[in-house]
Structures are given as structure tokens and as C-alpha cells.
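Peer 1: got a structure for you, letters missing:
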């Protein structure tokens, strides 16, 4: 008898093959009690981002934050969705909520805060978060000069 992979494993495979619609559909096959598991919700947000379904991603991320308020990934990815579906200000507000709920913030959180703050003209905040992102993960910020979001900050020098 052939054993088929579970829907989550199938979704991972589809996502790796850039088949985001199929990945979403695979997750639909999960039993209802598994659909709110943290990794499942993270993958749903990731799929929404790949599909550029920004409102869907924002909705899933906000719902996930009610269940997992300590998960920095939902703030980071949710903010990116909010940026595209609502506004940069709303994205930065969502990102800032992680300060209250997360013990440790990853480099990408600081980098995104720097990017959003740069676009909003809050250049003092950019420097602080850019330095923190670089201290945590220098590779992440190695291409920062090419980042359009940081252009206002770089132009201020």
C-alpha cells in the first residue's frame, strides 16, 4: 500500500515548486482542529504573500496573532501584507505591537521597522533599527543599499 504525504507536507512541496494555489488547497484538506496550528497559519500567510493576496494575508496574520501573540513572524509577515492592502502607517503599527508581545525580535523585524520608518520619514528610528538588524544578521542588511525603502534614509547622508 502506498502512503500519501500529509496535506502539510504536500503544501510544503507545492510551495517549494512555486505552486502556491495548490499549496493553499492542500492545507484545506487538513482536519479543522489542525487548521489553527501555528505552522499551518504561518504557511497560509506565506502563501498569501506569494499570491500577492495582501488582504487575505493580513486577515490570517491578525487572526493568528490572537492565538500566538508571541510569534514575531506573524507581525513581520502580517505587516508586509498590511503595507500592501492598507497603508504603511498601519503596517508599522502592527509591527510595533511585537515590542509588547515578543521576548526576542529577529533581524527581519528590525530591518522592516527601519524600512517602514524610512519611507515615513522617521530617520532617527531607521538608524536604531538598521544597526540592530545588522548586529543580529549582517547578511540580511548586506544588500540594503539596493533597498528602495531605505533610499530616503541613505539620501539623508
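Peer 2: Sure, I can see it. Remember, predicted model here, so these are calculated numbers, not experimental data.
Peer 1: shaky segments in this structure?
Peer 2: Counting by pLDDT under 70, the low-confidence segments of the chain come to 1-5.
Peer 1: who's in contact with the residue most central in space within it?
Peer 2: The centre of the chain sits closest to residue 77, judged by CA atoms, centre = their mean, with a distance of 1.5 Å. Residue 77 makes contact with 42, 45, 46, 49, 57, 61, according to CB atoms under 8 Å, 6 or more residues apart in numbering. Quick note: C-beta positions are derived from backbone N, CA and C, even for glycine.
Peer 1: how about CSV for the residues you listed, with neighbour count, distance to residue 132 and secondary structure added?
Peer 2: Formatted as CSV, these follow (neighbours: other CB atoms under 10 Å; distance: CB to CB, whole Å; DSSP: H, G, I helix; E, B strand; the rest coil):
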residue, neighbour count, distance to residue 132, secondary structure
42, 18, 23, helix
45, 25, 23, helix
46, 18, 24, helix
49, 19, 24, helix
57, 25, 25, helix
61, 27, 22, helix
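Peer 1: out of those, which comes closest to residue 81?
Peer 2: residue 57 (3.4 Å; CB to CB).
Peer 1: tell me the contacts of the closest one?
Peer 2: Contact analysis of residue 57 by CB under 8 Å, 6+ apart lists 44, 45, 48, 49, 77, 78, 80, 81, 85.
Peer 1: ok, residue 69 next?
Peer 2: With CB under 8 Å, 6+ apart, residue 69 has these contacts: residue 101.
Peer 1: next, it: phi, psi?
Peer 2: phi -70, psi -10 (degrees, to the nearest 10).
Peer 1: need the contacts of residue 57 in CSV with distance to residue 98 and secondary structure, can you?
Peer 2: Below are the contacts of residue 57 laid out as CSV (distance: CB to CB, whole Å; DSSP: H, G, I helix; E, B strand; the rest coil):
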residue, distance to residue 98, secondary structure
44, 19, helix
45, 15, helix
48, 19, helix
49, 18, helix
77, 11, helix
78, 10, helix
80, 13, helix
81, 15, helix
85, 19, helix
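Peer 1: out of the residues you listed, who's nearest residue 25?
Peer 2: Proximity of the contacts of residue 57 to residue 25 (CB to CB) peaks at residue 44, which lies at 11.7 Å.
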